[in-house]
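Engineer: Take this sequence and fold it.
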Amino acid sequence: MPKEELKKKVVRVIDEKRDRIIALGKKMYDKPELGYKEKYATDLLYEEFKDLGLVPKKNIAVTGCSAVAGENPGPRIAFMGELDAILCHEHPDADQETGAVHACGHNIQSGVMLGAALGLVLSGAFSELSGSVKFMAVPAEEYVELEYRYDLREQGKIKYFGGKQELIYRGELDDVDMAMMIHSLYPGDSGIKALLGPTGNGFVGKKVQFTGKESHAGSAPEEGVNALNAAMLAINNIHAQRETFPDEEKIRVHPIITKGGDIVNIIPADVRMESYVRGRTVKGIIAANQKVNRAIQAGAMAVGAKAEIKDIPGYLPLLNKAELDHLLLENLSAFLKGDEIQQGSSFAGSFDFGDVSHLMPALHPFFGGVKGDLHTRKFKIIDEELAYIIPAKTMAMTVIDLLYNKADRATTIIENHQAVMTKEEYLDLLSSFDKTT
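Structural biologist: Modelled structure (predicted):
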């Protein structure tokens, strides 16, 4: 079958399954779950994969599932959709008990992944393609609930806090040659509906405990050591470092106090803080992180407190592969006008897909169809066609481009690609970030 006819066949199937695709996203939205807790969403995708006649693997990293479609020899593409929600108590649709809500659009990603799977599998496209696609419902992209993930690590259930980090560590991507997924984005009033070729920051996670000495806050404050003051000084010290961060590194440091004391009439002896140190390059992140740690220790030293700093591997900067973006751009032109597509943008936010992009060719476009900034109370879907259906169609069409004609396009990209690091080098780098001072 000619390639363009095959694409039309897949697109027709996606149109026929439109309600099923959107319904999956709505089900996930109505029951948001935080990372490594996505049992409901895992079950949803697991059953969808089974219904397609695939043989899914469940709980690939505590939660999550995957299934391979296509039996012909050739390259394997991982098509990912994330499962977890974010914490935003202020969002009107947030879970009243947990504060979780899909204000990150991960339910949309999973709907798009399912849409592409429906189109490619039910159309019979794989009989015309070489290679295979590993559809992966991946857990724990949002880097939240650090205490919970520490407990999971102490129990030996995970090694890394990020879902894709954990999948790489467990070998779930060892049989994958390239990876793709989409992310939602509100482009404001720019008229942009799709954004290709983005780059993003990486980061180191940080958990800090300031230890002082308790005393009566009214009658004997002079006998105490105020751990909250140590934390406040540390934050001010970090502020004093900001002018030293190179502009091109887009350094972001944004600590929060997760425990400020016990009761108001006792000088705080135990204060906890969490933070990220974000940057555009690994080198820049390491340099900024050293300054931040120095600032924290100085704050504790000033009041005679102690600071224990636990650095945790965060995510690597997001890289893009121009050849993959170009293929997607050609397919997008069937649905969007030229001035509705932006090519290239720099994000200071972080994505654990950045880790994947350091190991293999990777495609990570953004699509509109939503309104309100990510992780805020205003985030919501306003255009289901643009949020779910157009991404599912164009990403599936890009899969066809890659695997059609004996997968010559995918093979060429894979053979010419120079990965930033091997899996072993990647795991060594994560280990170097994992330390307590």
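Engineer: Could you use CA atoms for every contact and neighbour count after this?
Structural biologist: Fine.
Engineer: what's the neighbour count on the closest residue to Val13 other than its chain neighbours?
Structural biologist: Excluding its sequence neighbours, the residue lying closest to Val13 (CA to CA, 6 or more residues apart in numbering) is Gly119, at 5.1 Å. By the criterion of other CA atoms under 10 Å, Gly119 has 26 neighbours.
Engineer: is it true that Gly119 touches Val10?
Structural biologist: Yes. Counting by CA atoms under 8 Å, Val10 is a contact partner of Gly119 at 4.7 Å.
Engineer: Overlap of the contact sets of those two?
Structural biologist: Listed contacts common to Gly119 and Val10 are 393, 396; contacts here mean CA atoms under 8 Å, 6 or more residues apart in numbering.
Engineer: In the protein, where's the longest strand?
Structural biologist: Longest strand in the chain, counting residues (DSSP state E): strand 194-211.
Engineer: buried ones in that one?
Structural biologist: Across strand 194-211, burial judged by 16 or more other CA atoms under 10 Å covers 194-211.
Engineer: Next: stretch 149-167.
Structural biologist: By 16+ other CA under 10 Å, the buried positions in stretch 149-167 come out as 149-150, 152, 158-167.
Engineer: mind putting the residues you listed in a markdown table, secondary structure and pLDDT included?
Structural biologist: Converted to a markdown table, these look like this (DSSP: H, G, I helix; E, B strand; the rest coil; pLDDT from 0 to 100):
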| residue | secondary structure | pLDDT |
| --- | --- | --- |
| Arg149 | helix | 91 |
| Tyr150 | helix | 87 |
| Leu152 | helix | 96 |
| Ile158 | coil | 96 |
| Lys159 | coil | 94 |
| Tyr160 | coil | 94 |
| Phe161 | coil | 93 |
| Gly162 | coil | 94 |
| Gly163 | helix | 96 |
| Lys164 | helix | 96 |
| Gln165 | helix | 96 |
| Glu166 | helix | 97 |
| Leu167 | helix | 98 |
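Engineer: Just list what the one helix or strand Ile60 maps to packs against, helices and strands only.
Structural biologist: Under the criterion of DSSP states H and E, Ile60 resides in strand 57-61. Here strand 57-61 touches helix 39-51, strand 63-69, helix 163-169, going by 3 or more CA pairs under 8 Å, 6 or more residues apart in numbering; DSSP states H and E.
Engineer: tell me which residues in the second one are buried?
Structural biologist: In this case it means strand 63-69. Judged by neighbour count using 16+ other CA under 10 Å, the buried positions of strand 63-69 are 63-69.
Engineer: what's the farthest-apart pair in the residues you listed?
Structural biologist: Using CA to CA, these span at most 20.5 Å, a distance reached by Thr63 and Ala69.
Engineer: Can you classify the residue found closest to Lys393 once you drop the neighbours it is linked to in the chain by secondary structure?
Structural biologist: Excluding its sequence neighbours, the residue lying closest to Lys393 (CA to CA, 6+ apart) is Val11, at 5.7 Å. Assigned with DSSP: H, G, I helix; E, B strand; the rest coil, Val11 falls in the helix class.
Engineer: got it, and Val176?
Structural biologist: Here Val176 is coil, with the state taken from three-state DSSP.
Engineer: who are the neighbours in contact with it?
Structural biologist: With CA under 8 Å, 6+ apart, Val176 has these contacts: 75-78, 134.
Engineer: Ile108 too?
Structural biologist: 25, 184, 387-388.
Engineer: at 7 Å instead, please
Structural biologist: Neighbour list for Ile108: 25, 387-388 [criterion: CA atoms under 7 Å, 6 or more residues apart in numbering].
Engineer: Go ahead and build a PyMOL selection from the buried members of these.
Structural biologist: Buried members of the contacts of Ile108, defined by 16+ other CA under 10 Å, are picked up in PyMOL with:
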select buried, resi 25+387+388
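Engineer: Which ones among the contacts of Ile108 lie within helices?
Structural biologist: Those of those mapping onto helices are Gly25, per DSSP state H.
Engineer: ok, of the contacts of Ile108, which one's closest to Ile312?
Structural biologist: Gly25 (31.5 Å).
Engineer: ranges for the strands of the stretch 1-150 of the chain?
Structural biologist: Taking DSSP state E, counting those that start in this stretch, the strands of the stretch 1-150 of the chain run over residues 57-61, 63-69, 76-82, 86-87, 100-101, 132-138.
Engineer: ok, and what's touching the fifth one?
Structural biologist: Residues outside strand 100-101 that contact it (CA under 7 Å, 6+ apart) are 32-34, 85-88, 93-95.
Engineer: at 8 Å what do you get?
Structural biologist: So strand 100-101 is contacted by 29, 32-34, 85-89, 91, 93-95 (CA under 8 Å, 6+ apart).
Engineer: Listing partners with orientation, what would you give for that strand?
Structural biologist: strand 86-87 (antiparallel) (DSSP bridges).
Engineer: re earlier: report all helices and strands that the longest strand of the chain contacts.
Structural biologist: Applying 3+ CA pairs under 8 Å, 6+ apart, one finds that strand 194-211 makes contact with helix 227-241, strand 270-279, helix 282-303, strand 306-313, helix 322-332, strand 341-350, strand 366-367.
Engineer: closest one to Leu44 among these?
Structural biologist: Closest among the helices and strands packed on strand 194-211, using CA to CA: strand 366-367, at 23.4 Å.
Engineer: Return the distance of that closest one from the chain's centre.
Structural biologist: 14 Å (CA atoms, centre = their mean, to the nearest Å).
Engineer: quick check: mean pLDDT across it?
Structural biologist: Across strand 366-367, the average pLDDT comes to 96.
Engineer: Distance to Leu336 added to the helices and strands packed on strand 57-61, as CSV?
Structural biologist: Output for the helices and strands packed on strand 57-61, formatted as CSV (distance: least, CA to CA, whole Å):
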stretch, distance to Leu336
helix 39-51, 29
strand 63-69, 29
helix 163-169, 31
